[in-house]
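Student: One predicted model, sequence on top.
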Protein chains: 2
Amino acid sequence: MGKERINPTEVRSVTEVGTWDLEADVVVVGCGCAGACAAIAAAEAGAEVLVAERASGGGGTSANSGGQIYMGGGTPVQTACGFEDTPDEMYKFLMAALGPEPDAAKTRVYCDESVAHFHWLEAHGVPFKRSFYPVRGGTESPTDDCLAFSGGENAYPFDRIAKPAPRGHKPQFTGSAGGFLMQRLIAASERAGVRFECDARCDTLVVDAREHGRVVGAVLWQDKRERLVRARRGVVLAAGGFMMNEEMVKRYVPVIWACEYKLGTDGDDGRAIRMAMGAGADIVRMDAAEIGYPVGPPDKLLCGILVNGYGQRVINEDTYLGRIGQEGIFRQNGELFLIVDTSFYEPTVYGLHAAFVEETVAELEQSIGFPTGALQSTVEYYNRFAAQGTDPLFHKSPELLRPLDTPPYAAFDLRVSRQDGIGKSYCAFTLGGLHTLPTGEVLSPDGRMVPGLYAAGRTTSGLAKGGYCSGISLGDGTFFGVRAGRSAAQRK
Amino acid sequence: MGKERINPTEVRSVTEVGTWDLEADVVVVGCGCAGACAAIAAAEAGAEVLVAERASGGGGTSANSGGQIYMGGGTPVQTACGFEDTPDEMYKFLMAALGPEPDAAKTRVYCDESVAHFHWLEAHGVPFKRSFYPVRGGTESPTDDCLAFSGGENAYPFDRIAKPAPRGHKPQFTGSAGGFLMQRLIAASERAGVRFECDARCDTLVVDAREHGRVVGAVLWQDKRERLVRARRGVVLAAGGFMMNEEMVKRYVPVIWACEYKLGTDGDDGRAIRMAMGAGADIVRMDAAEIGYPVGPPDKLLCGILVNGYGQRVINEDTYLGRIGQEGIFRQNGELFLIVDTSFYEPTVYGLHAAFVEETVAELEQSIGFPTGALQSTVEYYNRFAAQGTDPLFHKSPELLRPLDTPPYAAFDLRVSRQDGIGKSYCAFTLGGLHTLPTGEVLSPDGRMVPGLYAAGRTTSGLAKGGYCSGISLGDGTFFGVRAGRSAAQRK
């Protein structure tokens, strides 16, 4: 981080500010989905809003995403597609899936106001087709279809905890819809009268010690010069996470650095998190991260079994892919193998290659280097019940259960350390960040509000405190972005 | 935290200080092992030293501990007892045992200078008997004997990673030696001329904005009034962790709050961590914690097998108890069971009661509520190899391997949620804290030193970044306490 022009934690005292170069009621730092929604909401609440974006245009990591937004409780799409859902069922699911011990207050308001948020998005130009796309694992539709199961809602153990409903909502756009989503949100913010300053990196915050350290502005770097922007009511930080900052990742959540694909843009360097800390903010759950698991569709691979480095089965293969990735990286030392047989294995499936192929399970076990007899014991137990159509251990869906008994047997090597193979395709991003109230105020380590400072999106620790579902990042970015923008606009 | 007189993060500006009530070159906050060693080292480096302790006398959580200190690389005790050890073997072990990804710089200097540290302790009145006490699991000797394996050095997988050597050194005192250790260290600090202010809680730090936020003193609360103490060279924070602060534990590492026994004193409220954050410090690995596992000796129970909520074996039973506790709480959702048979089970062993007793493994499996066939499969596999004296899965020591085949079979319920039984005896303390250099300087989120601020012990993130060994807390408290005290004393 030696290359940074100034240290973000070294906040500027307002007493050092001569004249302001720019002014607004609310200054939003970053223009991904959280920043755009904060800007729209603040402007619509009557504030003069300025967005500072370090790239040449808005979009951020949101624009590179699939576009899925986690919403439920009975949205028009859910209803049109025949799925019943309530805020309570959504709440039960999220409290179980996003833990350990998610933020109950944030989760509650997110569920209770999810249908309203859906309408807010549509009213701001984000359309959703009234259609369902059946896909396992949590990926979004390759079509312009909307609704999908995106967090293992219909798989063990969540299907026993809450009534399953699909809640991943993709805007109506063929394929990855993140860019489309951001175009629409940026257009809405322009309509709302938001002013944009692009190629304007926020270097640090301006604080007023005479007002208990109130944040009153920001120091921007634009056109190779410093521009001081006054924020009459508040600053909203919405500048992404810290996945692209090697030092920060290694300091807070080192095991994910082994994942080859770091999901983010250059902006995800944790700078906003650090400047907030300089102004007195706390950081929480910095150890949380989402991990994309490297084996996606086709579904038939889910007939295989996922085992750890000891040849033990560890999770139901039909759950959300991100849940499998987290299990592998955080609980299994980065070691997972997918064991298949020839009844559904093809030498090349979507570019994946089995690393080991043997005529017997015993030989496969030996080739991989598993403990003697371990995989044989696992397969014997699995097969015995799979033949009866049950999975007493992890309750995989019956249609994916069949004994592994057609030689040759094969193993996909999913170890994250195997940078020569599938293991290199793990994809990760950070979930930890600033501690905020559901209304967007940033909190200090004492639980006090840092006056004048708000945040949303991956700059904060949002809904996902450990577990994750597809659609949660755009979900809490847009949802809590709106709330942070409103709170800042209403501040006196 | 609403009861706190002032928020620790609200540091006092030196411009608000009229006159100082007290002065010293180095002010040490807290008098556990880290504070005492910092005070001694600073005084011996020529500084005038004042220790502020919030209790009525020094000792802190260190005084309530067993007294074991992790040292090696060829200490006189190791040599006298016939154990070969080198700094390199010690380093290899600690880098494997204290991860993921321990601090290599801290670990390196800790190993290289461990023998010197042993001599430093003896020179300051802490005696160590030249004797070895053979005990499994990592507990200290009940006698006045010194040396013990305290981190699973001689068990899988560490016995394959580094040459095993015992490195837990208990001072020569019968039974728990923490109080004795602290008596000796406090006596040494008195001899070195350290001044003590007891019943003096440090409420916040005093900083000088004109000197880049340099820490120049502290605000104490003593005799129901505020006393301002100037620190001409620096302040050393050595005031424990945050295990006793429910809000902080739930914010940073919520799963451990379920552990009934919180290891610490009232002082472990995280106040020092928060006041340092107010002065610009970073916090790292706040998710790390040590978990004491509730089943100790007798060793014969180690002939049983530890299984998770799915009836799967998860770890070698003969490893360090703290490692088992961490496995259970962090990786197995707080669910562990110890399965035994009547060849070594007694209805009451050290006050432990088996929760389930059945004539067959199948019945036991059903009573516990394990998935059908799961425990049977686990026991069948275990027994098959145990009969041959091997444990291909986790390489438990051969003398503890025998088939579980003598009915009735029993299970100790070690679920942390079982507050009515053994599960309630999990014991936890926090390992996360301030980010420091090996020389004790406190770092900001930008990796800058916070001028004038030093820290050691559980207030910092020390050697243990996830894993743990008995003796590490007193080990890095005393070792890095010395270094922090010296650094502060040498500051100009």
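Tutor: That came through fine.

Student: show me the contacts for the residue nearest to A:Val249 when sequence neighbours are not counted.
Tutor: Excluding the flanking residues, the one nearest A:Val249 by CB to CB, 6 or more residues apart in numbering or on different chains is A:Trp257, at 5.1 Å. For glycine as for every other residue, the C-beta is placed from the backbone atoms N, C-alpha and C. By CB atoms under 8 Å, 6 or more residues apart in numbering or on different chains, the contact set of A:Trp257 is A:Glu246, A:Val249, A:Lys250.

Student: change it to 10 Å
Tutor: A:Met243, A:Glu246, A:Val249, A:Lys250, A:Ala428, B:Glu101 (CB atoms under 10 Å, 6 or more residues apart in numbering or on different chains).

Student: ditto for A:Ala354
Tutor: So A:Ala354 contacts A:338-340, A:345-348, A:364, A:408-413, A:421-422 (CB under 10 Å, 6+ apart).

Student: tell me the least confident of those residues?
Tutor: Least confident entry in the contacts of A:Ala354, by pLDDT: A:Thr348, with 57.

Student: about what we covered before: using the three-state scheme, assign the residue nearest to A:Val249.
Tutor: With DSSP: H, G, I helix; E, B strand; the rest coil as the basis, A:Trp257 sits in helix.

Student: Distance of it relative to A:Asn308?
Tutor: Distance check for A:Trp257 against A:Asn308: by CB to CB, to the nearest Å, it reads 21 Å.

Student: So, low pLDDT: which residues of chain A?
Tutor: Counting by pLDDT under 70, the ranges of chain A that qualify are A:1-3, A:296-297, A:346-351, A:419-420, A:492.

Student: so where's the longest strand in it?
Tutor: If you go by DSSP state E, chain A has its longest strand at strand A:225-237.

Student: and the helix ranked longest in chain A, C-alpha only, in CSV?
Tutor: Using DSSP state H, we find that the single longest helix of chain A is helix A:472-490. Output of helix A:472-490 as CSV, limited to C-alpha atoms (Å, rounded to 0.1, in the frame of the first residue of the first chain):
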residue,chain,number,x,y,z
ILE,A,472,-27.2,-11.1,-1.4
SER,A,473,-24.5,-8.7,-2.5
LEU,A,474,-26.7,-6.8,-5.0
GLY,A,475,-29.5,-7.4,-2.5
ASP,A,476,-28.1,-5.7,0.5
GLY,A,477,-26.1,-3.2,-1.7
THR,A,478,-29.3,-1.9,-3.3
PHE,A,479,-31.5,-2.3,-0.2
PHE,A,480,-29.2,-0.7,2.4
GLY,A,481,-27.9,1.7,-0.2
VAL,A,482,-31.3,3.2,-0.4
ARG,A,483,-31.5,3.4,3.4
ALA,A,484,-28.1,4.9,3.8
GLY,A,485,-28.8,7.6,1.2
ARG,A,486,-32.1,8.5,2.8
SER,A,487,-30.5,8.7,6.3
ALA,A,488,-27.8,11.0,5.0
ALA,A,489,-30.3,13.2,3.2
GLN,A,490,-32.4,13.5,6.3
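
Student: follow-up on the earlier one: same for whatever helix or strand comes next after the longest strand of chain A, what does it pack against?
Tutor: Where DSSP states H and E defines the elements, the next helix or strand beyond strand A:225-237 is helix A:246-252. Here helix A:246-252 touches helix A:271-278, strand A:427-430, strand B:283-284, going by 3 or more CB pairs under 10 Å, 6 or more residues apart in numbering or on different chains; DSSP states H and E.

Student: Just to check, A:Thr319 is in contact with A:Tyr468?
Tutor: No. Using CB atoms under 10 Å, A:Thr319 makes no contact with A:Tyr468, being 11.8 Å away.

Student: Those two - which one has more neighbours?
Tutor: Neighbour totals were compared for A:Thr319 and A:Tyr468, and A:Thr319 leads with 30 against 27 (other CB atoms under 10 Å in any protein chain shown).
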